Each structure stands twice: as structure tokens, then as C-alpha cells.
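>>> how does the following fold in three dimensions:
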Amino acid sequence: MKTGLIQSAIKKISLSLILIPGLLIAVMLPALLFAQADSAKTNEATTEEPSLIAPSLEFVSVQKSDKTIDLKATLKAKIKGTFYKMPLLKVRFVLIQDGVEKELGFKITDPSGTAVLTLKADGLTTDQEGKLHFKAVFAGNKQIEATEEEKTIKRGRLEIVPVKEDSLLTVKVKLIDPGTAGDSTVKDAVIGVFVKRMFAPLKIGEGTTDEAGETSVEIAANLPGDSKGNITLLAKLDENETYGNLESVVVQQWGIPVSDQIENQPRTLWSSDPPVWMLVTFFILMSVVWGHYIVIVIQLFRLRKEEPHESTVTTVS
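Coordinates of the predicted model:
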């Protein structure tokens, strides 16, 4: 009887020893498989190549009155929600004629991310409609994707003529389309008139061309000029679907002469050289304030020195 009980107990113990590891393996196996899969994904993510920067290319053309064309390409990139300028990158400019690409040259972008190539318009051949088809190309590198942009414009010309009648100053601007059949005027085009300044042109008016392709803008007589009173007037047609951007410049002695010499200016409150009475008042007030601070510090040291010290009494037993 006792032997049977012992044998049954041994069977139960051995069965439990077999079942417990099996249960543990059944529970831990999915976790181990998931961990292996996750580690494999992690390894794949770490070995995956970093994504390239996708730049944006802004391409515009400017036809000027001296029969030159400026091709301007600006490279920018949006990284983490912020646009960054992309300097020191090579941009190629191409002229496309009948499906054939003709290399015009290349430029390196400046600190603002802009590359400008100036061309002589007389050396460019237009198509049958008098149009020019340009392309700006950035070939990309190990960190930045390649990109390109195309621009098709029709040849156009702005003529600006200054007119002075009595005390009234105006400029007349005419928009001309030099087509294959000869010059023709363009109506309903909005042309702005600016005066050149140090940082950016200052807009002083605009007008819309009439049937004759002309418009006029009045010029104020109190504009500051150079030392001789010369001002540079600029007529612009901006972002036109047909002609792109057009510019024309004229210099007139219509401004107020402003000396470019460095001169000693009188002492004023708003200048870097204030009046003498202000300097004297400032130094007196600062001396009084700091004098109070010095007196307070001296008094604190005196009180520290005059503080009574407790006498130590030693008793001899």
C-alpha cells in the first residue's frame, strides 16, 4: 500500500516536472519570437539609408532695357518645418530649341541660395512665336536630391521716358512686343514705377497700359537723391504670364541733393553725441547713487568691527 502511494506520488511529481517547463516554453516562445522580429526590424531600420533632402527650385527671368536677360535660380529646402537657404551649389542653365538642349553656363549659389546668369539677348534664337524656353538644373549630390525647373517667356521690351512740364514730373512707360512681324504694343499690363534705394527699390506708383501700350506715373519732387540730386527710376513688369519680368532704368536729376560726405553733426538728444549738460547731469546722478552704496558698505564694515565679543571665563577646579 505504501509502495503504491509512493509510486503514484513519484508519477505526479515527474508529470509536473514535465508540464511546468512545457508551459513555460509555450508562454515564452511568442515573446522570444516577437523580440527576434523586433530586433530584425530595428537592424533593418538602422541599416536603412538616410533620406535625401528634397529642395525647391524657384526659377525666374528678367528682361532688361540693355538687351540682356538675367536668369535667376533660388534653391531652398524645408527641414523640420523651416526653410533654409542653400549656398555653394552648382546650377546649370540650358536653352531648349526644337527639343534640343543648348548649354548656356552654370553659376554657384550665393549665401542667399541664388544663382544669377546674365545673357546677351541678341545671341539667343527664339522660336517661330518669338519665345525662349529656358531650364535651370541642379544635379543633386549625396545629401540633396536633384531638381529642375523650366521657364518659357516671350521677348518683350519696356521703354521709359521722363517728362518735365512746368513743375510736374512724370515718366511715361511703354510696353512693346518685338514680334517676328515687327514691334507691337501691349495693353492692359500693370507696370510699377520704383526709385532705387540702398536695400530695395521703393515703389512710388503704378499704371495700366492703354491701347497704345503706354502709361504714365507722376513723380514727387521731394525725393532725396545723390550729391548732385540724381535719382534712378525703375519701371518693372513683374511675373507676367507671357513676358516674365521686364525692367527699364533711367537716371534723372529730379531729387533733392544729399551730401555723401561725413560731417560732424551738432550735439542732439537722438544722436550718438549728446549735449554736454546731459553728460554732466548723468555723471552727477550716478556719483550720488554709487556714493550712497559706498557709504552703506563702509558703515556695515564699521558695525562689524564694533560688534561686542563674549568674554570666555575659564574656571579652575
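>>> where does the stretch 101-250 of the chain dip in pLDDT?
180-181 (pLDDT under 70).
>>> can you pull out the strands in it?
114-120, 131-138, 147-154, 157-165, 168-179, 182-185, 190-195, 202-208, 214-219, 231-240, 244-252 (DSSP state E, counting those that start in this stretch).
>>> any idea how far the first one is from the middle of the chain?
Looking back up the chat, that one is strand 114-120. Offset of strand 114-120 from its chain centre (Cα atoms, centre = their mean, to the nearest Å): 19 Å.
>>> and the closest residue to Q97 other than its chain neighbours, how many residues sit next to it?
Using Cβ to Cβ, 6 or more residues apart in numbering and skipping residues adjacent in sequence, the residue nearest Q97 is T125, 6.3 Å away. All C-beta spots, glycine's among them, are computed from the backbone N, C-alpha and C. Burial of T125 is recorded as 9 neighbouring residues (other Cβ atoms under 10 Å).
>>> which among the strands of the stretch 101-250 of the chain is found nearest to L71?
Nearest to L71, of all the strands of the stretch 101-250 of the chain, is strand 114-120, at 4.6 Å by Cβ to Cβ.
>>> doesn't Q299 lie inside a strand?
No. Under the criterion used here (DSSP: H, G, I helix; E, B strand; the rest coil), Q299 is helix, not part of a strand.
>>> could you check the pLDDT of I20?
With respect to pLDDT, I20 has a value of 57.
>>> ditto for the one 5 residues further on
Among the per-residue scores, I25 holds a pLDDT of 56.
>>> nearest to F282, of the strands of the stretch 101-250 of the chain?
With Cβ to Cβ as the criterion, F282 lies closest to strand 202-208 of the strands of the stretch 101-250 of the chain, at 38.6 Å.
>>> any buried residues in that closest one, and which?
Going by neighbour count (16 or more other Cβ atoms under 10 Å), the buried part of strand 202-208 is 204-205, 207.
>>> who does it pair up with?
Using DSSP bridges, the strands paired with strand 202-208 are strand 190-195 (antiparallel).
>>> contacts for the partner strand, please.
158, 171, 173, 175, 201-209, 215, 217, 219, 223, 231-238 (Cβ atoms under 8 Å, 6 or more residues apart in numbering).
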